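J.: Here you go, sequence then predicted model.
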Number of protein chains: 2
Amino acid sequence: MNASSSTVAPPRAQQHPGSLALRPSDGARELIQILDADTASATAQVLWRLGIPRRRVKGLAALFNEGDSVESLYVVQVGTFKLLKTAEDGYEQVLGFCSRGDVLGGDGLWSHRHPTAAVALEDSSVFALPLNSLQRLTDELPTFDRALQGALSRQLAAAAEVAEVMAAVSAEVRLARFLVQRSSRMVELGESPRHLLLRMSRRDIASALGVAHETVSRSFGILAEWGYLRVDNRNIEILDLEGIRACSRSTRGLLEPRAHARS
Amino acid sequence: MNASSSTVAPPRAQQHPGSLALRPSDGARELIQILDADTASATAQVLWRLGIPRRRVKGLAALFNEGDSVESLYVVQVGTFKLLKTAEDGYEQVLGFCSRGDVLGGDGLWSHRHPTAAVALEDSSVFALPLNSLQRLTDELPTFDRALQGALSRQLAAAAEVAEVMAAVSAEVRLARFLVQRSSRMVELGESPRHLLLRMSRRDIASALGVAHETVSRSFGILAEWGYLRVDNRNIEILDLEGIRACSRSTRGLLEPRAHARS
DNA sequence: CGACCGGTTGAAGTATATCAAGTACGGTGG
DNA sequence: CCACCGTACTTGATATACTTCAACCGGTCG
């Protein structure tokens, strides 16, 4: 829908406001409309036009770490991030993945400390909204707060998905749910729901799913064997979207005798 | 920190501002304390004028259901709620539990549809903030938005805890982490961290932990056997808080040969 | 009282964690 | 250019912990 520029647009190019002087307050008005928009990806579009400062992050580099002081909120312009917590022994618990339009750092807003870290999975770029500029926006345009609340609200709803994934009984269902979520996200971004290019490692997926990474590997094999997928390393093609959706609906409740004939 | 009344205090007690008549809206003061302690005095005046309505919910009754239109945000005054999603086959996936001070319904703010349901686990009472009054609050009281953002931000951070629980390797560690979280919450509410009165059923816990409810039962037994707990139905006494904390730190990474001699 | 619900405990099958090889890829250095 | 190494991924074998089915207990409620 809004995928006018699916690739990484060059910074502030020809469409700079020009004579139409966009002061922060003017930009704020438009920003709010976008933050209120139904699709998160739409936010990125307008932030770009507003000339909000950006920050580039190399692949595998951290945008911020656990415990860092919160200086800005971020909105992903392009790229992919993983959110994680690191245990004392070094184990990385992945809490989710973020792509274009997602807000990063909202969970540290109240304590001014990031409770989670955000690591880029590829060369990425984010819009940075310094806290003091947030305050300015709030002062000048009260409705900005509502827009920000909307963004936080979305993240909150997204958090439930993590639980859905990890609560599944079998590893295949967890993976199926995960893939369905990624697929839905693709649609929101205006891409095909059938073609997934996973930016994260199997180990990251395993952590997010709450299983061993070997199990992820095997589950990919099983879903492929059932004819739902075609797996080529991190390149996933969904052959039977409805089938995998049905699979993802298996719950721990009343166990319907699964219809997947295991060959 | 804001635990002026550590127990489930009857609303209007002796701490009212002098001779001022206490109308039902005196909950405003309490609400402010809950949402944002620092600016309580200033904001209380305005909230008072606005008259924050309360809503009572019987035990096991729903405050709102999945798919309901969002008419209000709620802040728990007293009681406990579970958040859940219901699958097509009727299985209830519990996403978390809320007690005093938690905001309910924030995840539906942007779509104006509740993506999750909230069910009271006991007779409870919430402050209801109708969306239109929310706007009015924003207009008259800019700092209110910050308080609300803070609350949403906290909820977001809390969502990570769910993942932490369900990602654990063994059922005992999951339960240990869950109990540690509940214990920490007790401290925030000004109660003892050692005494937990769980308002939810074993089945609810099981759903939140991502295991079978029989396994929860057994895990309670095991933790008790290890000397960490004393279990009396839903009444849990933590005997070794440090021990159970240590147990909850076990990760799926490098497995230290666990120090729990299994009898 | 009998039915029902929540909780506990037991027994059996199975899925997954874990350990262990082995492969493929990309980068580095000879 | 090729040998080498590390990382990511896959696949196999075994032990174990969990799910599942089932029985049982103690409440509460009609």
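T.: Arrived safely, thanks for sending.
J.: Stretch A:248-255 near DNA strand C anywhere?
T.: No. Applying Cβ under 7 Å from any atom of the strand, one finds stretch A:248-255 separated from DNA strand C by no less than 10.7 Å. Where C-beta positions appear, they are placed from N, C-alpha and C, glycine not excepted.
J.: Report the buried residues of that stretch.
T.: Within stretch A:248-255, the residues scored as buried using 16 or more other Cβ atoms under 10 Å in any protein chain shown are A:248-253.
J.: Narrow the residues you listed to those in helices?
T.: Under the assignment DSSP state H, the buried residues of stretch A:248-255 contribute A:Ser248 to helices.
J.: now the buried residues of stretch A:248-255 in TSV, with pLDDT and distance to A:Pro53?
T.: Converted to TSV, the buried residues of stretch A:248-255 look like this (pLDDT from 0 to 100; distance: Cβ to Cβ, whole Å):
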residue	pLDDT	distance to A:Pro53
A:Ser248	96	39
A:Arg249	93	43
A:Ser250	91	46
A:Thr251	87	45
A:Arg252	82	46
A:Gly253	70	49
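J.: and DNA strand D, which of the buried residues of stretch A:248-255 contact it?
T.: Here is what survives when the buried residues of stretch A:248-255 are matched to DNA strand D using Cβ under 7 Å from any atom of the strand: A:Arg252.
J.: Next to DNA strand D in this structure, residues from the stretch 51-200 of chain A, please.
T.: A:Val169.
J.: show me where the stretch 51-200 of chain A has helices.
T.: Here the stretch 51-200 of chain A has its helices, by DSSP state H, counting those that start in this stretch, at A:131-140, A:143-167, A:171-188.
J.: And the residue of the stretch 51-200 of chain A closest to DNA strand D?
T.: A:Val169 (4.9 Å; Cβ to the nearest atom of the strand).
J.: Help me confirm that that residue comes into contact with A:Ser250.
T.: Yes. Using Cβ atoms under 8 Å, A:Val169 is in contact with A:Ser250, at 7.0 Å.
J.: By proximity to chain B, which residue of the stretch 1-150 of chain A wins?
T.: In the stretch 1-150 of chain A, the residue that lies nearest chain B is A:Tyr91 (3.0 Å; Cβ to the nearest Cβ).
J.: can you pull the contacts of the residue lying closest to the residue of the stretch 51-200 of chain A closest to DNA strand D once chain neighbours are set aside?
T.: Using Cβ to Cβ, 6 or more residues apart in numbering or on different chains and skipping the chain neighbours, the partner closest in space to A:Val169 is A:Arg252 (4.9 Å). Residues in contact with A:Arg252 (Cβ atoms under 8 Å, 6 or more residues apart in numbering or on different chains) are A:167-169, B:91, B:207, B:212.
J.: Say whether DNA strand D is contacted by stretch A:226-241.
T.: Yes. Against DNA strand D, stretch A:226-241 shows contacts by Cβ under 7 Å from any atom of the strand at A:231, A:233-234.
J.: okay, who's weakest in those by pLDDT?
T.: Within the set of these, pLDDT is lowest for A:Asn233 (93).
J.: Next, count neighbours for it.
T.: Using other Cβ atoms under 10 Å in any protein chain shown, A:Asn233 has 9 other residues around it.
J.: near chain B, which residues of the stretch 101-250 of chain A?
T.: Where the stretch 101-250 of chain A comes near chain B, counting by Cβ under 8 Å from any Cβ of the partner chain, the residues are A:106-111, A:115-116, A:138-139, A:142-143, A:145-146, A:148-157, A:159-160, A:162-164, A:166-167, A:207, A:210, A:212, A:249.
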